[in-house]
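my questions concern the predicted model and sequence given below.
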Amino acid sequence: MSQPGPGLKKLSLTRRQEVGTSPADLVRQEPAFADTEMIVKIEPATDGVSLREWVRNSRATLDALLLRHGGVLFRGFRIGRVEDFEELVREMAGGELMEYKYRSTPRTEVSGRIYTSTEYPPDQWIPQHNEMSYSREWPLRIAFLCVKAAETGGATPLSDSRRVYERLSPAVRDRFAAQGVMYVRNYSPGLDVPWQDVFGTSDRAAVESFCRPAGIELTWKADGGLATRQVCQGVARHPASGEMLWFNQAHLFHVSNLDPAVRAALIAERGEENLPRNTRYGDGSPIPDAVLDEIRAAFRQEMRSFTWHDEDLVLLDNMLMAHGRAPFSGPRRVLVGMSGSGAAAGVPREEARP
């Protein structure tokens, strides 16, 4: 069994709820934000409420809250060890946790299928995104546990994918729906995440076996690197509600996401076709910077943030709710678990157009 991370040793297991008490009487519920229905906050109404028992007895309620609000912030509960968090996420999902495969960011496996949040430098923003929407398969739910809140900053901003979709112009939505997004990645030694970490193996045959059914074109390079291309969905329809969602990471992978000086230096050194990451329309044509600016503006307009408290747990419907990370100072430790499996029915997704 792995050792608990910093801040987890002092947390103790909670008592089970008293027999005969209604689950609704055990918690208080209120909006997390004053100006939107996005995210509901749930707190214990009395001492010693077991969140795991409440979830077990209230799964239909939890499912309905996720579908309406996109996510739930659980505050004031005592979670326990990393392994307890893993069991709790499994209980919330009603099934096994998802392994983080085909990675785009550096993470560390903490215990079982619980990982650290993205390990980028603390002075950097991580733009809003739906987890693994750069692929054709993604988790349906994602949970975050704040073990240690940062001294300053470090919020996990949230954006409603339904409202982001609605904010975008019909011309932008229609082209992404019709053509999808092409993700171009060049894995070069010493630059970005190594392909061995992305695919979880150093066996080239295993990489090829993963890529073929996923529709990922790949080319091995003489320097030991790898180049891939994959066309994925630009929009999606929620499987339960039928609502249209903005669901891709074109703005995050696109070269315009880089600092202008870094962008210019990389293009000068490697050429645009050999950048570590970039996105194009599904037909291979370039996405204008102005389109990416419109997408980023829509995310910013819908973004809401809350301040992490130690032992806060946030459960999101990963299709309805995008997330990011604000810069921070001081130690910060947030753990992640993912569950369920959604998949694109076809790419490009012309049938998804309303």
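Yes, it's here.

where in the protein is the helix or strand with the lowest mean pLDDT?
Here the helix or strand of the chain ranked lowest by mean pLDDT, DSSP states H and E is strand 342-343, holding a mean of 82.

now do the contacts for Leu226.
Neighbouring residues of Leu226 by CB atoms under 8 Å, 6 or more residues apart in numbering: Asn186, Tyr187, Trp195, Val207, Leu218, Thr219, Trp220. From N, CA and C alone the C-beta is placed, and that goes for glycine too.

if we go to 10 Å?
Taking CB atoms under 10 Å, 6 or more residues apart in numbering, we find Leu226 in contact with 185-188, 194-196, 198-199, 204, 207, 211, 218-220.

from those, which land in helices?
With helices defined by DSSP state H, the entries of the contacts of Leu226 inside them are Trp195, Gln196, Val198, Phe199, Arg204, Val207, Cys211.

was I right to think the third one contacts Tyr102?
Right, Val198. Yes - using CB atoms under 10 Å, Val198 is in contact with Tyr102, at 6.4 Å.

mutual contacts of these two, please.
Counting by CB under 10 Å, 6+ apart, the contacts common to Val198 and Tyr102 are Phe210.

for the residue nearest the centre of the chain, phi and psi?
Centre of the chain computed as the mean C-alpha position; nearest residue by CA atoms, centre = their mean is Glu131, 2.6 Å away. Per-residue torsions, Glu131: phi -60, psi 130 (degrees, to the nearest 10).

residues in contact with it?
Applying CB under 10 Å, 6+ apart, we find Glu131 in contact with 98, 100, 104, 138-142, 249, 316, 318-319, 321-323, 336, 338.

got the buried residues for stretch 198-206?
Buried positions in stretch 198-206, judged by neighbour count with 16 or more other CB atoms under 10 Å: Val198, Phe199.

I misspoke; the intended subject was stretch 139-159.
For stretch 139-159, the neighbour count (16+ other CB under 10 Å) marks 139-150, 153-159 as buried.

let me know the secondary structure of Val336.
Under DSSP: H, G, I helix; E, B strand; the rest coil, the three-state class of Val336 is strand.

just to revisit the earlier point, what lines up beside the least confident helix or strand of the chain in the sheet?
Looking at strand 342-343 with DSSP bridges, its partner strands are strand 137-138 (antiparallel).

now do whatever helix or strand comes next after the strand it pairs with: which elements does it pack against?
The helix or strand immediately downstream of strand 137-138 is strand 141-148, counting by DSSP states H and E. Counting contacts by 3 or more CB pairs under 10 Å, 6 or more residues apart in numbering; DSSP states H and E, strand 141-148 is packed against strand 71-74, helix 82-93, strand 114-116, strand 313-317, strand 321-325, strand 333-339.

tell me the neighbouring strands of the fourth one, and mark each as parallel or antiparallel.
Right, strand 313-317. strand 71-74 (antiparallel), strand 141-148 (antiparallel).

got JSON lines for those strands, with mean pLDDT too?
Shown next, in JSON lines, are those (pLDDT from 0 to 100):
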{"stretch": "strand 71-74", "mean pLDDT": "98"}
{"stretch": "strand 141-148", "mean pLDDT": "96"}
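
need those in CSV (columns: distance to Trp308).
Shown next, in CSV, are the strands paired with strand 313-317 (distance: least, CB to CB, whole Å):
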stretch, distance to Trp308
strand 71-74, 10
strand 141-148, 4
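
to Glu119, which of those lies closest?
Smallest distance to Glu119 across those (CB to CB): 14.4 Å, for strand 141-148.
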